[in-house]
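> 3D model of this:
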Amino acid sequence: MTKKIFWAILVLAFILRFYKLGEIPLSLDWDENSNAYNAYSILKTGRDEYGNFLPITNRSFDDYKPPLYMYLNVVTVAIFGLTPFAARLPSAFFGFLTVPAMYFLARKIFEKSNVSGQLSVVKSESIALLSMLMLAISPWHLQFSRVGFEATVGLFFAVAAITAFLYGLASRRWLIVSGIFLGISTYTYHSERIFVPLLFIATFFIWRKEILTVSKRYLGIFIIITILIGLPLVILIPPKVILQRFEVTTGRPRLEDIEKSIKFILEDQERGSKLGKYIHNRRFVIGQTWFGNYLSHFDFNFLFTKGDDNFRHHIGNIGMVYLFQFPLVLYGIFLLVRNRNKTSAFLLAWLLIAPIPATPAVPNPHGNRSLPMDPALQIISAYALVSIFSMEFLLKKPVQYFYILWIGVSIIVYLHNYWRHYPYDKADFWQYGYKEAVLESEKIKNQYTKINVDHSIEQAYVFWLFNTKYDPRSYQQSGTRQNFDKYYFDTKPPTTPSELFIADSGNFPGGFEVIETIYYPNGKEAIKIGHPK
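Next up, the predicted model:
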């Protein structure tokens, strides 16, 4: 029976992640285009768009993405061509693999639990299967598994690395597998470079007695493998690249905090107070901001009712996880704190560490950077739900029926909204219309001497590269982010009818002849194409 349930959940997870993968969301965003086109460029020339040979990072829009997703796209683009399906396939594939990894993780940590009382009547197998199911249907995980973001791949390697490590405490060869996954995780996503080491440190303190019984030979092999795989990052990535990435994500809020610190100190000095330079010290002000950013990831609205402010991260009118999980998470945390065992410490450590990588950056809370929270929330929810169903009290059946109904309705409503309404209501968040503008401009470009693309079409060049399948060699030799072929980006409206202009409908100048209007699926104007009269 257990095997049948396991495989049924796997089939469900596969369907939810691969059904209409290249079609919903309706269009690729700029990061998806960038990863896929640079993969296409490497496939054709061995170099990225900037001419770098087999780069250790994806420079992209000067945000220097970790390289693994780009190289996974080399494989998928080679097989399926430069298509939306190929761009998203690595995320869907590793998102799918994370579901069975959750089963083995949950089963192992609850097998290790030796507590008495409530947990003693809870079978690790039931919690493992339910954890697996919860992740399979999780809005948070499903959202990112269906788009070409690095976070989903990073989460798989994080879960796989820690799972293999825990199995390695009993079967030493799994430590070798863990070392491989741990090393690879450094190439996946920026969050994993912080989250995974911190989680392993916590794991060492929690299971230090078991770890210290492992032979030095296997621990040494584990450490050496991890270092050897991750070493190229340390050697080959220039420090300025790391600093530039940090500056891109944290520079503005840090500058605002420094300005606030100076302002408050000057105000206190004008009033004769000498405490201002201590109370409003810039490090203290920045620390307050970071702490607030960290806590925002535990906000009720973020988790259960609203999500963050980016509709690429969720469908709207729903939190990052289901509302029915709110009482489960609370009850699960209560049980973990009450039991105070190694499993409890591990799950709570996971949950508390997961938002740390998102803390210094903006905006906050951030569903992409804090994705590692999701597995912990799902396991805690599963633990609580199995515990509730194991209770013997007067209202047992009504409570069970209520939860089953609530869960069922929530899942049906979410999936309906995701496939039927989200693609159309939130198409503008996915740069819908950019692809259509490319295709329209390609049809008529020979009629014009120059095609100008307004700054309102953000990162436009990569959409034109991807959707025209522009020859990477030609781009490397003579193209830039400002111009290639007849296309010129971030330009002002032209003054001659021989030049075409493409802009967001709100930025399209009056007095121009409109030859094509691209509409969002909901009927609103998206992009206009035209020229001076």
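> Residue 22 belongs to a strand?
No. Assessed by DSSP: H, G, I helix; E, B strand; the rest coil, residue 22 does not belong to a strand; its assignment is coil.
> Could you export stretch 77-85 as PDB, CA atoms only?
Extracted C-alpha coordinates of stretch 77-85, given in PDB (Å, rounded to 0.1, in the frame of the first residue of the first chain):
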ATOM      1  CA  VAL A  77      18.100  23.500 -25.600                       C
ATOM      2  CA  ALA A  78      20.200  20.900 -27.400                       C
ATOM      3  CA  ILE A  79      17.400  18.400 -27.200                       C
ATOM      4  CA  PHE A  80      14.300  20.600 -27.500                       C
ATOM      5  CA  GLY A  81      15.600  23.700 -29.200                       C
ATOM      6  CA  LEU A  82      15.400  27.300 -28.000                       C
ATOM      7  CA  THR A  83      11.900  27.100 -26.700                       C
ATOM      8  CA  PRO A  84      10.000  28.000 -23.500                       C
ATOM      9  CA  PHE A  85       9.700  24.300 -22.600                       C
END
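> Need the mean per-residue confidence for that stretch.
Across stretch 77-85, pLDDT averages out at 97.
> Relative to the whole chain's centre, how far out is it?
With Cα atoms, centre = their mean, to the nearest Å as the basis, stretch 77-85 stands 21 Å off its chain's centre.
> just the helices in the stretch 401-533 of the chain please.
422-425, 434-444, 460-468, 472-478 (DSSP state H, counting those that start in this stretch).
> For those, state which one has the densest average packing.
Ranked by mean neighbour count, the helices of the stretch 401-533 of the chain are led by helix 460-468 with a mean of 24 (mean count of other Cβ atoms under 10 Å). The way it works is simple: take the backbone N, C-alpha and C, and place the C-beta from them, glycine included.
> what's that helix packed up against?
Applying 3 or more Cβ pairs under 8 Å, 6 or more residues apart in numbering; DSSP states H and E, we find helix 460-468 packed against helix 30-45, helix 434-444, strand 483-484, strand 487-489.
> Not counting it itself, show me its contacts.
In this structure, residues lying in contact with helix 460-468 by Cβ atoms under 8 Å, 6 or more residues apart in numbering are 28, 30, 33-34, 36-37, 40, 49, 61, 82, 431, 434-435, 437-439, 441-442, 453, 457, 470, 475, 481-482, 484, 487, 489-490.
> Make a ChimeraX selection of the buried ones in those.
Those of these that count as buried under 16 or more other Cβ atoms under 10 Å are selected in ChimeraX with:
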select :28,30,33,34,36,37,40,49,61,82,431,434,435,437,438,441,453,457,470,475,481,484,487,489,490
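> how is the protein carved up into domains?
Each domain of the chain is listed here as a residue range: 2-239+294-425, 433-532, per automatic domain parsing.
> Compare the mean pLDDT across those and name the weakest.
Per-segment mean pLDDT for the domains of the chain reaches its minimum on domain 2-239+294-425, at a mean of 92.
> just to revisit the earlier point, so which of the helices and strands packed on helix 460-468 is nearest residue 531?
Residue 531 lies closest to helix 434-444 among the helices and strands packed on helix 460-468, at 10.2 Å (Cβ to Cβ).
> Next, the angle from the closest one to helix 460-468.
With axes from the mean of the first three to the mean of the last three Cα atoms, to 10 degrees defining the directions, helix 434-444 sits at 70 degrees from helix 460-468.
> Which elements pack onto helix 434-444?
Helix 434-444 is packed against helix 460-468, strand 499-504, strand 512-519, strand 525-532, with contacts defined by 3+ Cβ pairs under 8 Å, 6+ apart.
> what does that helix rub up against?
Residues outside helix 434-444 that contact it (Cβ under 8 Å, 6+ apart) are 27-28, 451, 457, 460, 463-464, 467-468, 487, 500, 502, 515-516, 518, 526-527, 529.
> Now do that helix: distance to the chain's middle.
29 Å.
> And stretch 290-310, by the same measure?
With Cα atoms, centre = their mean, you get 15 Å for stretch 290-310.
> who's in contact with it?
313-314, 316-323, 325-326, 329, 354-356, 358-361, 363-368, 370, 373, 377, 429.
> One more: stretch 508-524?
Contacts of stretch 508-524 (Cβ under 8 Å, 6+ apart): 26, 423-425, 427-428, 432-433, 436-437, 440, 444, 454, 493, 497, 501, 503, 505, 525-533.
> What is the burial count for residue 93?
20 (other Cβ atoms under 10 Å).
> in which helix or strand would I find it?
Residue 93 belongs to helix 84-111 when assigned by DSSP states H and E.
> do residue 62 as well
Residue 62 is part of no helix or strand when elements are defined by DSSP H and E.
> Begin at 27, not 1, for the rest of this chat.
Sounds good: first residue 27 from here, last item residue 88.
> how far away is it from residue 364?
For residue 88, the distance to residue 364 equals 49 Å [Cβ to Cβ, to the nearest Å].
> When the two are compared, which one has more neighbours?
Per other Cβ under 10 Å, whichever of residue 88 and residue 364 has more neighbours is residue 364, with 13 against 10.
> Surely that one is within a helix?
Yes. Residue 364 forms part of a helix when assessed by three-state DSSP.
> which residues touch the residue nearest to residue 395 when sequence neighbours are not counted?
Computed as Cβ to Cβ, 6 or more residues apart in numbering, the closest residue to residue 395 that is not its neighbour in sequence is residue 384, at 3.6 Å. Shown in contact with residue 384 (Cβ under 8 Å, 6+ apart): 217, 319, 323, 390-392, 395-396.
> I figured residue 556 hits residue 526, correct?
Yes. At 7.5 Å, residue 556 counts as touching residue 526 under the criterion of Cβ atoms under 8 Å.
> Please identify which of the two sits among more neighbours.
Neighbours were tallied for residue 556 and for residue 526 using other Cβ under 10 Å; the higher tally belongs to residue 526 (24 against 20).
> What distance do you get for the more buried one to residue 481?
Remark: distance between residue 526 and residue 481 (Cβ to Cβ) = 16 Å.
> And for residue 196?
Here the criterion is Cβ to Cβ. By it, residue 196 lies 58 Å from residue 481.
> how distant is stretch 475-495 from the center of its chain?
Its chain's C-alpha centre and that of stretch 475-495 lie 25 Å apart, by Cα atoms, centre = their mean.
> Span of it from start to end?
The first and last residues of stretch 475-495 sit 21 Å apart, counting by Cα to Cα, to the nearest Å.
> do the same with stretch 474-491
This stretch, stretch 474-491, spans 19 Å end to end (Cα to Cα).
> now the helices for the stretch 277-426 of the chain?
In the stretch 277-426 of the chain, the helices defined using DSSP H, counting those that start in this stretch lie at 302-305, 308-322, 326, 351-365, 368-379, 399-416, 422-442.
> what's in contact with the last one?
Applying Cβ under 8 Å, 6+ apart, the contact partners of helix 422-442 are 42, 163, 165, 341, 344, 348-350, 411, 414-415.
> Buried subset of those residues, written for PyMOL?
Of these, the buried ones go into a single PyMOL selection, burial set by 16+ other Cβ under 10 Å:
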select buried, resi 42+163+165+341+344+348+350+411+414
